[in-house]
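Engineer: below: sequence and its predicted model.
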Amino acid sequence: MTPRRRNCIKKQGVKPPAPSPSKVFSAGDVDISALLEGAEDWDWDDVPTFTPKKSPVKKTLDPLGERRMVILRDDWTTTDIRIGDTINVLGTFDIVTPSTSSITRSIIISSKFHLLIHHPDLLLTATALSNAPQCRRKPLLSHLVRSTSDTAPALVWGNMLHEVMQSCLTEGRWETVFIDQKIDQVILKGLNELIKIDMTVEAAKREVTARAKGLVAFSERYISDSSKPSAILSNTRASHGQGDSLLAVAELLDIEEDIWSPTYGIKGKLDATVHAIISDPNPPFPQPVLSSGPKPLEIKTGRAVAGMEHRAQTMLYTLLAAERYGVEVPAGLLYYTQSEEVVRVPAGRNEIRGLIVARNEMASYMMRRSRAEDAVPEPFLPPAINDERVCKRCYALDTCMLYRKAVENVEDTTSPTADIYDLKTSHLTPARSSFFKQWEALISLEEQDLVRFKKELWTMCAAEREAKGRCFSSMVLDSSFRVPSTLESKIHRFTYRFTRQAMAGEPTSLLNGHINSGDAVTVSVEPNLLALTRGFIVDLTTTEVVVGVDHKLCLDAISMRLSKSARHGQVSVIFRIDKDELFGGMGRIRDNLAQLFYTDGDTRRLEMVVDLKVPVFDEHPPYLTPELLSYTKHLNANQAQAMRKVLTAQDYALILGMPGTGKTTVIAALIKTLVAMGKTILLTSYTHSAVDTILAKLVDADFGVLRLGNIDKIHPDVHKFTLAHRRTPVTIEQLEHQLMTPPVVATTCLSIDHGLFSRRKFDYCIVDEASQITLPTCVGPLRYADTFVLVGDHFQLPPLVRNRAARKGGLDVSLFRRLSDAHPHAVVDLAYQYRMNEDIMLLSNKLIYGDRLRCGSEAVARQCLFLPDRTFLKGLHPGSSSCHSDGCWMEALLAESCKAVFVDTDDLPAHDSRVGDLVENKIEAELVRQLADTLVRSGMREDQIGIITLYRQQVKLLTHLLQGHKDIEVLTADRSQGRDKDCIIISMVRSNESKSTGDLVKDWRRMNVSFTRARSKLIIIGSRKTLQEAALLSEFFDLMDGRGWILPLPPNAHLLHTIALSSPTTPSSKRIAETMSGYTAGHENAGTGRPLKKLKVPAPQLGLLKGRPILRDVVNGDA
């Protein structure tokens, strides 16, 4: 959490399960970073039979250059430590006798003393580590590839029983009637899981009830403030005849507690944490020894007692509990529901050391992929154990064999698993293996950036991370907050509001940074309690943030924990809210890719996507009845051609939908036609908004539609399609009817883990925005359909890829682009657009599309922005006065005939500036505000106006300036795709003496998206001198110059209308906007049908246009 920069090597006792440190140490702390000067300095000796050679390890511990020597003994010598690696040493250093060496302290890490954590910023799960003793490879493969397709019944029963017991612990009720009620509730809640394993409610009730039979006896025996004679606590290490230990579970501290420990490099979710009182015999004395404190209680629903994996997991949980609660936790509790036995699991020194050594080995393998300097890549997976009996039963067998063949290039003909290897990999040609290896490596490159951001939660203090825009520091819980009714039905369990802690000076706005509404976040307490809960931003203003989370935040309990480590009693609870990089999703994306290559995987898509097999089309489309034709009669020739292409496709079809060409209309017509033909459709896209935009066109359809996904993120207009708005099923048959009956199922590409997909196969899968989706993500839903349709435009936004090396390697090449480049005959263009007038269309047509775009009608081509009431605009300068001797720049821009214009700010000037590492331009933002305000005061509806910028900080600045205009959307280019407005104002931001444009304005696809959002007027504001340094924009300026569409602003233009624009929007202009609610920009006056009267520009303005005859003619309407 808060970095410790001076002399902070941990100085606690030798025993590993010691009290939690008062500080959280981590890789980002300079004081514990081991910047190794030479591998030869390490002591690499094995457990010696001779006098070992002692080579010191030198490492920089703090900025002052203190050096310490670390000597490895026994099994620690196998630790694969390299120059530059980060380690965390847990133990006490000895002072070195002064000598000529610069080393001040030393420590020996041996089998008896101390611990060393290698790469502590890699948090491995305790569950994975508990599986490591048998096979190091399996947990790493499970981390890489997270399959959602296989669900074992035992796992389902275990999850349900966990929830039942946790409810009993939470509510303090253990009577049979209550337990039966909870079993019924968890079964109904888990019907989706029962669908996956094909089990009825009745059978589930029998299974869970049988496993829960010991809960009543558990409570009678162990739930108490003091131990009972029958509350025997088993101990696998107890000596025979020593006597029985007794257990009392006095209090529940937490359930499902998610604890991250950068100290030990592990994390885990504890089933329950309890305050336990243990009474141990103390022969020969009659009085037992009592001990109490927090203990992890791990719940197991199987029959095995104290198995090795279970004990290992529980031991690691003692380290996490000690970290979280700040006290020593010498043992954990393991409860087997079917044996009614609770086992004490001591945190044994030898076992903990063995687990940490295994953890270090796994972490070392994981870090090898990030060593870019390696000329020859090292293996990032341990060798296979090649045990036929064990491997054949392993859940990771398919993944293991795939990586051996495709990534590790293994040729296995002699090992005990050679026959299995051949069976699983014989279909993988060199080309297929190379494809998997390439794309798997690209995914890993992208993952590295997410891991780097994740560790900032504990390697950077909150203020530092806030300066980079990824954290809110110094936050306090607002106890007066009452959850609005609009949030009560949301999926998150708890909702809280946070505000800034009272402090000296002006607090930084919460809008300054990368965190936005809807983003995933982690809530921690500074400086000790890391990741107390996780959730999403629900609402965000300049001064407060509302967060929906999965865990209750109790201030009293948190204060009590903090006070234990505080030197002076009660302490205040200060929170930090960090943006959470959900890199766990990469495992599911890898699974999408791997599913193509398994022997029982998606062979057909393997041939199409990897082998690039030529797609086949029927010669003639199927016969369409008059009813079917009724769904397509409104389509133009291009759109009808797209429909024909899909209906004749045996494998797939690609629809290239240029801006404004009616992609959504085509998809909706296609869905209606296919349903009428008796077909089933899976509709997907990367974003919820794209899915819901299409569904909005199906709200009146006479067939069933099922919308799957998080109700929080689904548009209210299509809530009627969700399961939440249907009668709650109480049987599998009812749920099956809801899931299996609708011919159309819609969800995002990353939400295909629903139980429905284990049971249904569709005739067609339609993917919208396919050109914005990475290939491994896009192939996920395709395996659930016979034929797929990709709809996109690779001349607009590409897939979002953060890592530069991944982009350079091709991760931003979508499946849409791969297939369209390989098989152009599979592509049909939509070229007739119904959005932009011909002036706006000209920009993208010349710069991007090679004149392929066409206006869909003459009305579209000629449309202009008509201001319902120009009174306010004329009132900016009463009489014949003007704001400038060259005329009024505002009137020039808002003339009806001025349809596309670049507003040059070089004479103001309007320089960009930085907020941390974020870019904004305050003068540009003020110009945009004035334009938007004038448009609204002139009678335009706010929802007719859109503002686009490439920079998130500029979005926040503009949002703040326009907070009085709630319906004016302010968007980044990425978020604007799919939207259109009558008037679009683009703020280019970059303006500086060094003429640095940054990378974003060089992306022609983002610029294309920005330009093509406007229907009637496009205003682009920026610095010509700066922007023309970018090659694409240089072409843009040549085009604008040729048309006379550049308007230089006079000096101090942003100050010339300050008085007129400082008053609030007048009621009259709001009334005018309301009366214009049915108005569509064009050449007709609303309701009259009469041609618009040409409006001449007032005479004083002509000076501003002097020397620019084409723009002058455009403004006067004579062009």
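Structural biologist: Nice, I can see it. Because the structure is predicted, anything quoted here is derived from the model rather than measured.

Engineer: residue 620 and residue 644 touch, don't they?
Structural biologist: No - if you go by C-beta atoms under 8 Å, residue 620 and residue 644 don't touch, sitting 9.3 Å apart. Using the backbone N, CA and C atoms, a C-beta is placed for each residue, glycine as well.

Engineer: who's in contact with residue 772?
Structural biologist: Contacts of residue 772 were listed using C-beta atoms under 8 Å, 6 or more residues apart in numbering, and they are 686, 792, 796-800, 814, 977.

Engineer: circling back: more crowded one of residue 620 and residue 644?
Structural biologist: Taking residue 620 and residue 644 together and counting by other C-beta atoms under 10 Å, residue 644 has the greater number of neighbours (17 against 9).

Engineer: ok, the residue nearest to residue 230 when sequence neighbours are not counted to residue 301 distance?
Structural biologist: Nearest non-adjacent residue to residue 230, counting by C-beta to C-beta, 6 or more residues apart in numbering: residue 221, 5.2 Å away. Noted for residue 221: a distance of 18 Å to residue 301, by C-beta to C-beta, to the nearest Å.

Engineer: that older thread, just the ones in strands from the contacts of residue 772, please.
Structural biologist: residue 792 (DSSP state E).

Engineer: of the contacts of residue 772, just the buried ones, ChimeraX syntax please.
Structural biologist: Typed into ChimeraX, the line below selects the buried ones among the contacts of residue 772, using 16 or more other C-beta atoms under 10 Å:
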select :686,792,796,797,798,799,814,977
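
Engineer: which among the contacts of residue 772 gets closest to residue 472?
Structural biologist: residue 800 (23.7 Å; C-beta to C-beta).

Engineer: that closest one against residue 974, yeah?
Structural biologist: Yes - with contacts counted by C-beta under 8 Å, residue 800 reaches residue 974, the gap being 6.9 Å.

Engineer: mind listing what residue 841 touches?
Structural biologist: Counting by C-beta under 8 Å, 6+ apart, residue 841 has contacts 833, 853, 855, 1012.

Engineer: shaky segments in the stretch 201-350 of the chain?
Structural biologist: Scanning the stretch 201-350 of the chain for pLDDT under 70 picks out 236, 238-242, 303-306.

Engineer: err, the stretch 951-1100 of the chain, not the other one
Structural biologist: Short version for the stretch 951-1100 of the chain, where the test is pLDDT under 70: 1059-1100.

Engineer: now the strands for it?
Structural biologist: Counting by DSSP state E, counting those that start in this stretch, the stretch 951-1100 of the chain has strands at residues 969-972, 981-987, 1014-1022, 1046-1048.

Engineer: let me have the ones you listed in CSV, extended by distance to residue 243 and mean neighbour count.
Structural biologist: CSV is the format used below for the strands of the stretch 951-1100 of the chain (distance: least, C-beta to C-beta, whole Å; neighbours: other C-beta atoms under 10 Å):
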stretch, distance to residue 243, mean neighbour count
strand 969-972, 69, 21
strand 981-987, 78, 25
strand 1014-1022, 82, 27
strand 1046-1048, 93, 18
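
Engineer: need the ones you listed in JSON lines (columns: distance to residue 141).
Structural biologist: Shown next, in JSON lines, are those (distance: least, C-beta to C-beta, whole Å):
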{"stretch": "strand 969-972", "distance to residue 141": "37"}
{"stretch": "strand 981-987", "distance to residue 141": "47"}
{"stretch": "strand 1014-1022", "distance to residue 141": "50"}
{"stretch": "strand 1046-1048", "distance to residue 141": "58"}
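
Engineer: nearest to residue 916, out of those strands?
Structural biologist: strand 969-972 (17.5 Å).

Engineer: what packs against the closest one?
Structural biologist: Applying 3 or more C-beta pairs under 8 Å, 6 or more residues apart in numbering; DSSP states H and E, one finds that strand 969-972 contacts strand 945-949, helix 952-961.

Engineer: strands paired with that strand, and their directions?
Structural biologist: strand 945-949 (parallel) (DSSP bridges).

Engineer: so what's the gap between the strand it pairs with and the chain middle?
Structural biologist: 25 Å (C-alpha atoms, centre = their mean, to the nearest Å).

Engineer: that older thread, show me the one in the contacts of residue 841 that has more neighbours than the rest.
Structural biologist: Neighbour-wise, these (other C-beta under 10 Å) top out at residue 1012, 30 neighbours.

Engineer: show me this structure divided up by domain.
Structural biologist: 1-121, 153-358, 456-579, 602-830, 853-872+884-1079 (automatic domain parsing).

Engineer: okay, the ones you listed in JSON lines with distance to residue 401 next?
Structural biologist: Below are the domains of the chain laid out as JSON lines (distance: least, C-beta to C-beta, whole Å):
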{"stretch": "domain 1-121", "distance to residue 401": "25"}
{"stretch": "domain 153-358", "distance to residue 401": "23"}
{"stretch": "domain 456-579", "distance to residue 401": "34"}
{"stretch": "domain 602-830", "distance to residue 401": "16"}
{"stretch": "domain 853-872+884-1079", "distance to residue 401": "39"}
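
Engineer: what's the closest of those domains to residue 592?
Structural biologist: domain 602-830 (3.8 Å).

Engineer: quick one on the thing from earlier: identify the farthest-apart pair in the contacts of residue 841.
Structural biologist: Farthest pair in those, by C-beta to C-beta: 855 and 1012, 12.8 Å.

Engineer: what residues are shared contacts of the two?
Structural biologist: Common neighbours of residue 855 and residue 1012 (C-beta under 8 Å, 6+ apart) are 836, 841.

Engineer: gap between the strand or helix carrying residue 690 and the chain center?
Structural biologist: Assessed by DSSP states H and E, residue 690 sits inside helix 688-695. Relative to its parent chain, helix 688-695 has a centroid offset of 19 Å by C-alpha atoms, centre = their mean.

Engineer: can you check stretch 816-829 too?
Structural biologist: Distance of stretch 816-829 from its chain centroid, counting by C-alpha atoms, centre = their mean, is 30 Å.

Engineer: equivalent analysis for stretch 730-744, please.
Structural biologist: 30 Å.

Engineer: what comes up buried for it?
Structural biologist: 732, 735-736, 738-739, 742-744.

Engineer: go on, stretch 140-151?
Structural biologist: Going by neighbour count (16+ other C-beta under 10 Å), the buried part of stretch 140-151 is 140-148, 151.

Engineer: that one spans what distance, first to last residue?
Structural biologist: 19 Å (C-alpha to C-alpha, to the nearest Å).

Engineer: likewise stretch 763-773?
Structural biologist: Using C-alpha to C-alpha, the end-to-end distance of stretch 763-773 comes to 22 Å.

Engineer: starting at the chain centroid, how far to that stretch?
Structural biologist: Distance, centroid of stretch 763-773 to centroid of chain: 20 Å (C-alpha atoms, centre = their mean).
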